[in-house]
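Trainee: Need the 3D shape of this:
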Amino acid sequence: MVVGMNGFAYATVPAYRAFCQKFGFAGIPLVEASAPQTEEILTDRPITVRFNSDIEPALDWHFKPVQRTIDLHVGESGLAFFEASNRHHEAVTGTATFNVTPLKAAPYFVKIECFCFTEQTLSAGETAQMPVTFFVDPAIAEDQNLDDVTEITLSYTFFRDRDADAERKAAALQKTENTRVN
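Mentor: So this is what the prediction gives:
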C-alpha cells in the first residue's frame, strides 16, 4: 500500500501538468498543431503580448526575449524569439517552463511551436535564437470575462537539466572508453 501511495504521488505531478496543458489551467497555454484560418482572425480585437524571461541561479546562461512585446489581433499568428547564451565553461542543458498571465487568458493562448517543448543544450560560449509561434484563440471574444484583457504576458523560466547533463557526460565518457579499447 505504501509503494502504491508513493507511485501515485509521483504520478500526480506529470498528470497535473498534462491536464493543465490540455485544458489551459494554472497559466499553462494550450498547444495546437496549426493557427486559425485567415477568416477567423478578429481584426477589431488587438492584443499586446509581452515576453518575460528568468533563469534558475544554477544555470549560468543569459536569457532574454529579443523583442519585449508584439502587437497582433486575436487569431493572428505571432512569432517571437528568445536569445540564450551559455556563460559556463562546458556544454549545459536547460529546460524551460512557461506560464501565461493573466491566468484567465491561458486557455486562449495557444502555442504552435516552442523551444520549451524540448530540452536545449548550448555548448560553452554558444548563443542561440529560440523561436515560439503562437496565437490567441478567437474563442476569447466569446468569453465576457476576458473583455478587459488587452495584454497577455508569456513568461519563461529556464532550469538546468542535471539529468540530461549527466547523460551527455556519461555518453561522452563511454565514447572515449570505446575509442581507447579499439
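Trainee: ok, the residue nearest the centre of the chain - contacts?
Mentor: Nearest to the mean C-alpha position of the chain, by CA atoms, centre = their mean, lies residue 116 at 3.4 Å. Residue 116 is in contact with 95-98, 132, 156, counting by CB atoms under 8 Å, 6 or more residues apart in numbering. (Glycine included, C-beta is placed from N, CA and C.)
Trainee: and the two most separated of these?
Mentor: 95 and 132 (14.8 Å; CB to CB).
Trainee: Which one's more surrounded, these two?
Mentor: Comparing residue 95 with residue 132 by other CB atoms under 10 Å, the one with more neighbours is residue 132, at 24 against 17.
Trainee: all strands of the protein, in order?
Mentor: Using DSSP state E, the strands of the chain run over 30-31, 42-55, 61-65, 69-74, 78-86, 92-101, 109-114, 120-122, 127-136, 151-160.
Trainee: want to throw these into a markdown table with distance to residue 142 and mean pLDDT?
Mentor: Formatted as a markdown table, the strands of the chain follow (distance: least, CB to CB, whole Å; pLDDT from 0 to 100):
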| stretch | distance to residue 142 | mean pLDDT |
| --- | --- | --- |
| strand 30-31 | 16 | 58 |
| strand 42-55 | 10 | 90 |
| strand 61-65 | 30 | 97 |
| strand 69-74 | 11 | 95 |
| strand 78-86 | 21 | 97 |
| strand 92-101 | 18 | 93 |
| strand 109-114 | 15 | 93 |
| strand 120-122 | 36 | 94 |
| strand 127-136 | 13 | 96 |
| strand 151-160 | 17 | 95 |
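Trainee: Indicate which one of those is closest to residue 170.
Mentor: Closest to residue 170 of the strands of the chain is strand 92-101 (CB to CB; 12.9 Å).
Trainee: Residue 146 and residue 109: what is the separation?
Mentor: 11 Å (CB to CB, to the nearest Å).
Trainee: Next up, the contacts around the closest residue to residue 97 other than its chain neighbours.
Mentor: Spatial nearest neighbour of residue 97, excluding adjacent residues (CB to CB, 6 or more residues apart in numbering): residue 157 at 5.3 Å. Applying CB under 8 Å, 6+ apart to residue 157 gives the contacts 53-56, 96-98.
Trainee: Do you know the pLDDT at residue 141?
Mentor: With respect to pLDDT, residue 141 has a value of 89.
Trainee: still on that earlier bit, select from the contacts of residue 157 the one having the most neighbours.
Mentor: Comparing the contacts of residue 157 by number of neighbours (other CB under 10 Å), residue 96 comes first, having 25 neighbours.
Trainee: Fine, thanks again, bye for now.
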